[in-house]
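1. Give me a model of this one.
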Amino acid sequence: MEKRKRLILIDWLKALCVVLVIITHSDFLNDAMLDKAGLFYLLCVNKAVPCFMFLSGFVFALGAKDVSLSEQYSLSRLKSKLLRLT
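-> Numbering: from 1, shown residues only. As a prediction, the model looks like this:
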């Protein structure tokens, strides 16, 4: 299997999304600093999870562009993906 080149920009965007989710769920910033009705919250922090999911789906689709949908979700392909995580 050929090794694919990583898209560094996608990795950085996913990392930014993770940081924004942490900001959302932490008490690091109090309500005065992070106005939940403010523009920064509505445009950036509030969109972190959907953006992360979109980027993850994009990376998944790039890795499976030459594979049919039934092959994508085959047991052998899922096993290889899970073994990589261990």
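2. hey, let's count contacts and neighbours off CA atoms from now on
-> OK.
3. which stretches of this protein form helices?
-> In the chain, the helices defined using DSSP state H lie at 8-25, 39-43, 48-63, 69-72, 75-85.
4. Give the residue spans of the protein that score low on pLDDT.
-> Of all residues in the chain, those with pLDDT under 70 make up the ranges 1-4, 27-38, 40-44, 86.
5. Let's see that with 50 instead.
-> Under the criterion of pLDDT under 50, the regions of the chain flagged as low confidence span 1.
6. Please produce a markdown table containing the helices of the chain, extended by mean neighbour count.
-> Output for the helices of the chain, formatted as a markdown table (neighbours: other CA atoms under 10 Å):
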| stretch | mean neighbour count |
| --- | --- |
| helix 8-25 | 15 |
| helix 39-43 | 12 |
| helix 48-63 | 14 |
| helix 69-72 | 12 |
| helix 75-85 | 10 |
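7. With L69 as the reference, measure out to the residue sitting nearest the centre point of the chain.
-> Closest residue to the average C-alpha location of the chain: F52 at 3.2 Å, with CA atoms, centre = their mean. F52 sits 22 Å away from L69, taking CA to CA, to the nearest Å as the criterion.
8. and if you look at R6?
-> For R6, the distance to L69 - CA to CA - is 23 Å.
9. Equivalent analysis for S26, please.
-> Distance from S26 to L69, counting by CA to CA: 39 Å.
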